[in-house]
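1. After the sequence you'll find the predicted model.
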Amino acid sequence: MQILVTGSKGQLGSEFHALAKDDPEFRFTFTDIDELDLTDFPAVHSFIKNNDFDYCVNCSGYTAVDQAEDEPERAFLLNADAVENLAKECTENNVKLIHVSTDYVFDGKATRPYKEDDPVAPQSVYGASKLQGELAVLENSNDAIIIRTAWLCSQFGKNFVKTILKLANEKSELGVVDDQIGSPTFAEDMAKAILHIIKADKRHMGNEIYHYSNGGVISWYIFAKEIVEMAGLPCEVKPVKTSAYPTKAKRPAYSVLDTKKIKREFNMVIPDWKTSLLKLINQLKETESND
């Protein structure tokens, strides 16, 4: 089975790279902006047409949440216009698109986990651009999957876990917001989940939206506290309010996603966040010791 992974140098794309060697039944093609600029529409047309892909997993996108407030045109170009073009080309060439989206399409005001059909109301340019990308997929595809996720972290790239470990090694005390609630998503688990979906090979079933994150509901403060404790660092983590760290883009106060649908339809078991965090910290320690 031929799988195209776009945005392959990001956190999720890098996890596909790491998993590829263990899955001989798949043949992967990895592209990032250097190999395939998704804003170059003729190039995308030619690339998809001239390759015999079964699936395209779109991990690409503009992810600088605060910077998007200053350059909305760039955010919409990458998160909406490029996605629309990719969706059209996948449909035309019978490639099933799996597109990664975000909890930022919601307003963050819920008091129970967000379901796939809950009303969307993005509160930032980033969220609005990702929502426009979702709509572009739904309008231009007849056999696509959208997977919304939140709080992504991995052994690759920049993310909350690596930032907290760096700061905790440099400081004796950290303040972390305790009034933003969500569920971490470990990119390795999500990449495995997407491959699980591909193996199920439910092609020509129509467009579907799913939610994916690891099990458990916590605040950033609880997350940071556990990171520091698991790493055995002496740094003290203290809870603070969001107002103590003003940002250009509004962060959702509540980002918990309901994952019942994806677990039910694909008979999927999703690991608890603590289990995956311990695995990630051990991976990072091993990488550090090998450097």
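-> Yep, that arrived. Just so it is clear, the model here is predicted, and its values are computed rather than measured.

2. give me the number of residues near the nearest residue to L257 once chain neighbours are set aside?
-> Leaving aside its chain neighbours, L257 sits nearest to H211 (3.8 Å; criterion: C-beta to C-beta, 6 or more residues apart in numbering). To be clear about C-beta, it is placed using only N, CA and C from the backbone, and glycine gets the same treatment. As a burial measure, H211 scores 25 neighbours (other C-beta atoms under 10 Å).

3. gap between H211 and M268?
-> 12 Å (C-beta to C-beta, to the nearest Å).

4. Equivalent analysis for K285, please.
-> Taken as C-beta to C-beta, the span from K285 to M268 is 28 Å.

5. For the helix or strand harbouring T275, buried residues please.
-> In the assignment (DSSP states H and E), T275 maps to helix 273-290. Within helix 273-290, the residues that count as buried by 16 or more other C-beta atoms under 10 Å are W273, K274, S276, L277, L280, I281, L284.

6. Can you give the contact residues for that helix?
-> 153-155, 161-162, 165, 183-184, 186, 188-189, 214-216, 218, 223, 226-227, 230-231 (C-beta atoms under 8 Å, 6 or more residues apart in numbering).

7. Could I get the full set of helices for the stretch 51-200 of the chain?
-> 72-76, 82-92, 125-140, 160-170, 187-200 (DSSP state H, counting those that start in this stretch).

8. Nearest to T149, out of those helices?
-> T149 sits nearest to helix 187-200 of all the helices of the stretch 51-200 of the chain, at 6.2 Å, using C-beta to C-beta.

9. Mind checking what helix or strand follows the closest one in sequence?
-> strand 208-211.

10. what's near enough to touch N207?
-> Taking C-beta under 8 Å, 6+ apart, one finds V137, L138, S141, N142, D143, A144, I145, I146 in contact with N207.

11. Out of those residues, which sit inside strands?
-> With DSSP state E as the criterion, strands contain I145, I146 from among the contacts of N207.

12. Quick one: neighbours of Q2, just the number.
-> So Q2, with other C-beta under 10 Å, has 14 neighbours.

13. Just checking, which helix or strand of the protein averages the lowest pLDDT?
-> helix 273-290 (a mean of 91; mean pLDDT, DSSP states H and E).

14. Send me it as PDB with only the CA atoms.
-> Only the C-alpha atoms of helix 273-290 are listed here, as PDB (Å, rounded to 0.1, in the frame of the first residue of the first chain):
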ATOM      1  CA  TRP A 273      -1.300   9.900  28.900                       C
ATOM      2  CA  LYS A 274       0.900   8.900  31.900                       C
ATOM      3  CA  THR A 275       2.000   5.700  30.200                       C
ATOM      4  CA  SER A 276       3.000   7.400  27.000                       C
ATOM      5  CA  LEU A 277       4.700  10.300  28.900                       C
ATOM      6  CA  LEU A 278       6.900   7.900  30.700                       C
ATOM      7  CA  LYS A 279       7.800   6.200  27.400                       C
ATOM      8  CA  LEU A 280       8.600   9.600  25.800                       C
ATOM      9  CA  ILE A 281      10.800  10.700  28.700                       C
ATOM     10  CA  ASN A 282      12.800   7.500  28.400                       C
ATOM     11  CA  GLN A 283      13.100   8.000  24.700                       C
ATOM     12  CA  LEU A 284      14.400  11.500  25.200                       C
ATOM     13  CA  LYS A 285      16.900  10.300  27.900                       C
ATOM     14  CA  GLU A 286      18.100   7.600  25.500                       C
ATOM     15  CA  THR A 287      18.600  10.100  22.700                       C
ATOM     16  CA  GLU A 288      20.500  12.500  25.100                       C
ATOM     17  CA  SER A 289      22.800   9.700  26.200                       C
ATOM     18  CA  ASN A 290      23.600   8.700  22.600                       C
END
